[in-house]
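Colleague: what's the 3D shape of this:
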Amino acid sequence: MNKIDFTKESFTKLDRFMKQNAGLNLATANLKDAALLDGCNWNRLKRSREALITQLKAYQRLHKIVPEGNPAEKDRVIKALLGKNIHSSLQIASMPRQRFIREYLPLFDGQEEQILETYQNALTQRSQVLLQYMHMLQSNEPHMGAARM
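Modeller: Numbers count the residues shown, from 1 in each chain. Got it, this is the predicted structure:
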């Protein structure tokens, strides 16, 4: 996977964007929707827009798999993972469980239940993505087109 720039400055910009757009629900927002993004408040962030969108998408991917709880704690864990260049469920699920726990448990303040749930959520998300991908491939097979006639 590509390395996404997460520095102290980029986290500051991400925080600014999220404060300026507090009504944006990252759990459900379609960050590929140009109209949605155009409707966001980009005040003092216009020059960083493209990089910020990439970072928001990474944040959103982790937001979906890090367990709910204290919002500030969840935000801290997500940013800690991003700071270690972990930005997708596919990255997490591609690691052996014990390696993920060993390397990243400190980011979860030693909360083993939370890291285990994150790992399981990543596995579930990867399975869903693979099933969607397989369905898309199979739907485009030549014999499927003939069967529709």
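Colleague: for the chain, longest helix please?
Modeller: Scanning the chain for the longest helix, with DSSP state H as the assignment, gives helix 112-139.
Colleague: pLDDT below threshold where in the protein?
Modeller: Applying pLDDT under 70 to the chain flags the ranges 1-3, 133, 143-149.
Colleague: what's the neighbour count on the closest residue to S94 other than its chain neighbours?
Modeller: What sits nearest to S94 in space, not counting adjacent residues and going by C-beta to C-beta, 6 or more residues apart in numbering, is R126, at 8.0 Å. Where you see a C-beta, it was placed from the backbone N, CA and C, and this is true even at glycine. Counted with other C-beta atoms under 10 Å, the neighbours of R126 add up to 18.
Colleague: all helices for this protein, in order.
Modeller: 8-20, 34-38, 49-65, 71-83, 89-93, 97-104, 112-139, 142-148.
Colleague: just the ones you listed: most buried one?
Modeller: The highest average neighbour count among these, using mean count of other C-beta atoms under 10 Å, belongs to helix 89-93 at a mean of 20.
Colleague: re the thing from before, so the residue nearest to S94 sits against S88, correct?
Modeller: No - judged on C-beta atoms under 8 Å, R126 makes no contact with S88 at a distance of 9.1 Å.
Colleague: ok, the one residue sitting closest to the centre of the chain to R47 distance?
Modeller: Centroid-nearest residue in the chain: R61, 1.4 Å away (criterion: C-alpha atoms, centre = their mean). Note on R61: its distance to R47, by C-beta to C-beta, to the nearest Å, is 24 Å.
Colleague: circling back to that earlier point, now the helices of the chain in JSON lines, with distance to T28?
Modeller: Conversion of the helices of the chain to JSON lines gives the following (distance: least, C-beta to C-beta, whole Å):
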{"stretch": "helix 8-20", "distance to T28": "15"}
{"stretch": "helix 34-38", "distance to T28": "11"}
{"stretch": "helix 49-65", "distance to T28": "10"}
{"stretch": "helix 71-83", "distance to T28": "16"}
{"stretch": "helix 89-93", "distance to T28": "17"}
{"stretch": "helix 97-104", "distance to T28": "26"}
{"stretch": "helix 112-139", "distance to T28": "15"}
{"stretch": "helix 142-148", "distance to T28": "31"}
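Colleague: done for today, thanks.
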